[in-house]
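J.: sequence plus the predicted model coming up.
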Amino acid sequence: MAKKRLSSKVIDQLLQQAEALGLGEDDLDDEVHQAKSEEAASINNDGLRGQIEYLYNEWGYTGALEVLERIAEDKKEEEE
């Protein structure tokens, strides 16, 4: 599923349609979880480089480095 940038107007239209259909935020939980699960699987299938690119895109250099260091520390503690 391609990620699309939607204008505020489009989002407002979709929100109005969802409300007209009687949908609330809980009704979309499973669909959102499924979409993100598929995205995560795709990222993980791209290997370490893909995972690091994702972390960098989400949190920038400093945030990605903090994640790497935290995971390395957790791994080290598990091995002891």
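T.: Done, it's in. Numbers count the residues shown, from 1 in each chain.
J.: give me the most central residue, the protein.
T.: Lys36 (5.5 Å; C-alpha atoms, centre = their mean).
J.: what strand or helix carries that residue?
T.: Secondary structure from DSSP states H and E places Lys36 in helix 29-45.
J.: specify the local secondary structure of Leu23.
T.: Using DSSP: H, G, I helix; E, B strand; the rest coil, the structure places Leu23 in coil.
J.: which secondary structure element contains Glu19?
T.: helix 8-20.
J.: and that helix, C-alpha only, in CSV?
T.: Output in CSV follows, covering the C-alpha atoms of helix 8-20 (Å, rounded to 0.1, in the frame of the first residue of the first chain):
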residue,chain,number,x,y,z
SER,A,8,-6.3,18.7,4.9
LYS,A,9,-9.3,19.1,2.6
VAL,A,10,-9.2,15.4,1.6
ILE,A,11,-8.7,14.3,5.2
ASP,A,12,-11.7,16.4,6.2
GLN,A,13,-13.8,14.8,3.4
LEU,A,14,-12.8,11.3,4.5
LEU,A,15,-13.5,12.2,8.1
GLN,A,16,-17.0,13.4,7.3
GLN,A,17,-17.6,10.3,5.3
ALA,A,18,-16.5,8.0,8.2
GLU,A,19,-18.7,9.9,10.6
ALA,A,20,-21.7,9.7,8.1
